[in-house]
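Asker: Below are the sequence and a predicted model; questions follow.
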Amino acid sequence: MMQKFNLDLKVLSLYDVIVIVFGIILTLINFAFSHKIEFWLTHTIVNITAICIIYLIAWYDKYKPSVLSTQLHYWYLVPIIFLTFKEVYYMVDPIHGIIYDQALIDIDRFMLGCDPTVELFAIANPILTEFLQIIYGTFYFLPIILGVNLLLENMDDEFMFVSSAVMFGFFLSYIGYLIIPAIGPRFTLHNFEMNNIEMPGLFLANYLREIVNSGESIPSGTLNPALVVQRDCFPSGHTLVTLIVMYLSVKFKVCTKYIMLPVGVLLIFSTVYLRYHYVIDLIAGALFMIFSIWCTHKIYNWWADYKGKEHFTFK
């Protein structure tokens, strides 16, 4: 018998709720600043469409489960991260029109008495640069690796928690970009055009660097890249999400923790060595990570109460 379609919010996983709520928040911000944001109507249509699609994916996974619907429900999160990242890009500068890098530089100098990226240039060498640029590029793969590990070990509840915490962390960092836009030391303390010359790698560094630049809206040949690059420096999303993955891989005692811990530490260090972040960005990312884990645990159990399910507890 065909299942009759009905509106049932209980089909939603917590990470669905987090994505939908953030989509609503972005839509409201677009409305509020529609006089400044050029593509506010496009953003609104995309957000509403995405919310409807997410609900349909969750509904089909609940009432008409299949390998396709389940896998789609698990992994639609990956493109959503990039979609919202780009939407935020088209919102930040029109809303603010300024960046706050000087304040972040001043905080670093107050805490450390120096500019960390400048000091680290003393140890720069092609081998280290090549290695760390590769490590930096593993960022988006770490949550996926942990998620696959959990699913293979039939740790579905843990997978749901990790997915929710990671999405909460990503969206929290995007809110940071909306509040305190900054472009990072590769533009403010260094000559961006000289980056490949001053910090060469061996084989892949320049290529990987170009991928990162293109993802941040400054492909090769962009005129005045500092004017158009994403304002995504504070907090360090790389630090925030990587710490979430490191912490939960240890907490859930999965075998991939032996990958997450060393790679995670090196990745966080690379964000400063490679001139993407100030140290204060990393500190903010660490604080946001603590809040993300705490808040995810609270709302996970609140949603479990609503759905009549057991609370999630760390074993």
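Answerer: Thanks, I have it.
Asker: In the helix or strand residue 171 falls within, which residues are buried?
Answerer: For residue 171, the host element (DSSP states H and E) is helix 156-179. Residues of helix 156-179 classed as buried: 157-178 (neighbour count, 16 or more other CB atoms under 10 Å). Using the backbone N, CA and C atoms, a C-beta is placed for each residue, glycine as well.
Asker: what do you get for stretch 86-100?
Answerer: Buried residues in stretch 86-100 (16+ other CB under 10 Å): 87, 88, 89, 90, 91, 92, 93, 95, 96, 99, 100.
Asker: possible to save those as TSV with secondary structure?
Answerer: Formatted as TSV, the buried residues of stretch 86-100 follow (DSSP: H, G, I helix; E, B strand; the rest coil):
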residue	secondary structure
87	helix
88	helix
89	helix
90	helix
91	helix
92	helix
93	helix
95	helix
96	helix
99	coil
100	coil
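Asker: where along the stretch 101-250 of the chain do the helices fall?
Answerer: Secondary structure of the stretch 101-250 of the chain by DSSP state H, counting those that start in this stretch: the helices cover 101-112, 116-120, 126-136, 141-152, 156-179, 185-188, 195-198, 205-215, 225-228, 237-251.
Asker: Export these to a markdown table and append columns for mean pLDDT.
Answerer: Converted to a markdown table, these look like this (pLDDT from 0 to 100):
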| stretch | mean pLDDT |
| --- | --- |
| helix 101-112 | 98 |
| helix 116-120 | 97 |
| helix 126-136 | 98 |
| helix 141-152 | 96 |
| helix 156-179 | 97 |
| helix 185-188 | 97 |
| helix 195-198 | 93 |
| helix 205-215 | 95 |
| helix 225-228 | 94 |
| helix 237-251 | 97 |
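Asker: closest to residue 272 out of those?
Answerer: helix 116-120 (5.3 Å; CB to CB).
Asker: Could you list the domains of the chain?
Answerer: Taking automatic domain parsing as the domain assignment, the ranges for the chain are 9-97, 98-315.
Asker: So what touches stretch 285-298?
Answerer: Residues from elsewhere that reach stretch 285-298 (CB atoms under 8 Å, 6 or more residues apart in numbering): 14, 161, 164-165, 168-169, 172-173, 176, 235-241, 243-244, 247-248, 312.
Asker: Please identify the buried residues of that stretch?
Answerer: 285, 288, 289, 292, 293, 295, 296, 297.
Asker: out of the residues you listed, who's nearest residue 34?
Answerer: Proximity of the buried residues of stretch 285-298 to residue 34 (CB to CB) peaks at residue 288, which lies at 28.5 Å.
Asker: How far off centre is stretch 181-196?
Answerer: Remark: stretch 181-196 is offset 21 Å from the chain centroid, using CA atoms, centre = their mean, to the nearest Å.
Asker: Now tell me what touches it from outside.
Answerer: Against stretch 181-196 from outside (CB under 8 Å, 6+ apart): 92-93, 96, 98-102, 104-105, 115, 117-118, 198, 205-206, 209, 225-226, 229-231, 233-234, 274-278, 281.
Asker: Got a quick PyMOL command for the buried subset of those residues?
Answerer: Applying 16+ other CB under 10 Å to these, the buried members can be selected in PyMOL as follows:
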select buried, resi 92+93+96+99+100+101+104+105+115+117+205+206+209+225+229+230+231+233+234+274+275+276+277+278+281
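Asker: Could you export the buried residues of stretch 285-298 as JSON lines, including pLDDT, distance to residue 151 and secondary structure?
Answerer: Listed next are the buried residues of stretch 285-298 as JSON lines, based on pLDDT from 0 to 100; distance: CB to CB, whole Å; DSSP: H, G, I helix; E, B strand; the rest coil:
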{"residue": "285", "pLDDT": "98", "distance to residue 151": "27", "secondary structure": "helix"}
{"residue": "288", "pLDDT": "98", "distance to residue 151": "26", "secondary structure": "helix"}
{"residue": "289", "pLDDT": "98", "distance to residue 151": "23", "secondary structure": "helix"}
{"residue": "292", "pLDDT": "97", "distance to residue 151": "21", "secondary structure": "helix"}
{"residue": "293", "pLDDT": "97", "distance to residue 151": "21", "secondary structure": "helix"}
{"residue": "295", "pLDDT": "97", "distance to residue 151": "24", "secondary structure": "helix"}
{"residue": "296", "pLDDT": "97", "distance to residue 151": "19", "secondary structure": "helix"}
{"residue": "297", "pLDDT": "96", "distance to residue 151": "21", "secondary structure": "helix"}
